[in-house]
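A.B. asks: Let's see this in three dimensions:
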Amino acid sequence: QVQLVESGGGLVQTGGSLRLSCAASGRAFSVYAMGWFRQAPAKEREFVAGISWNGDITRYVDSVKGRFTISRANGKNTLYLQMNSLKPEDTAVYYCAAERRRYGLGVAEENEYGDWGQGTQVTVSS
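C.D. replies: Residues are numbered from 1 along each chain as shown. Coordinates of the predicted model:
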């Protein structure tokens, strides 16, 4: 099991930027693919971005392509999400998650992830 703690959320104006971090502890971070998900009020949780265990493969939901960048620093056991050109519709609680199996690809399917952080609130004002 891995423990995940997100940080970096906050209130930002439309067009602004935020950088989320997810600090991991417990099992070996470097061999597990990671993902970012978000849940807006009254909506289901959705996949935002995923990254393979070694960082070679990344994937994004269409609505954030070109604006968000997922990355990882395996030496620091940390996952990042750089969010630029933020829009009000990006307002949500953002969660980081670790895939269940080793050497994964950072897929979009939520049930492939077994460990979750507590979430960090991102609010984009118009």
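A.B. asks: rest of the way, CA atoms for contacts and neighbours
C.D. replies: Noted.
A.B. asks: what ranges do the strands span in the protein?
C.D. replies: Assigned by DSSP state E, the strands in the chain fall at 2-7, 10-13, 18-26, 32-39, 46-51, 58-60, 68-73, 78-83, 92-102, 113-116, 120-125.
A.B. asks: Just checking: what are the partner strands of the last one?
C.D. replies: Each strand that pairs with strand 120-125, with its direction, by DSSP bridges: strand 10-13 (parallel), strand 92-102 (antiparallel).
A.B. asks: Mean pLDDT and distance to Glu110 added to those, as TSV?
C.D. replies: Shown next, in TSV, are the strands paired with strand 120-125 (pLDDT from 0 to 100; distance: least, Cα to Cα, whole Å):
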stretch	mean pLDDT	distance to Glu110
strand 10-13	98	24
strand 92-102	97	9
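A.B. asks: could I get the strands of the chain as TSV with mean neighbour count?
C.D. replies: TSV is the format used below for those (neighbours: other Cα atoms under 10 Å):
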stretch	mean neighbour count
strand 2-7	20
strand 10-13	15
strand 18-26	18
strand 32-39	26
strand 46-51	24
strand 58-60	20
strand 68-73	20
strand 78-83	20
strand 92-102	23
strand 113-116	17
strand 120-125	20
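A.B. asks: Counting neighbours, what do you get for Glu89?
C.D. replies: 13 (other Cα atoms under 10 Å).
A.B. asks: who's in contact with the one residue sitting closest to the centre of the chain?
C.D. replies: Centroid-nearest residue in the chain: Trp36, 2.2 Å away (criterion: Cα atoms, centre = their mean). When contacts are counted by Cα atoms under 8 Å, 6 or more residues apart in numbering, Trp36 touches 47-50, 81, 94-97.
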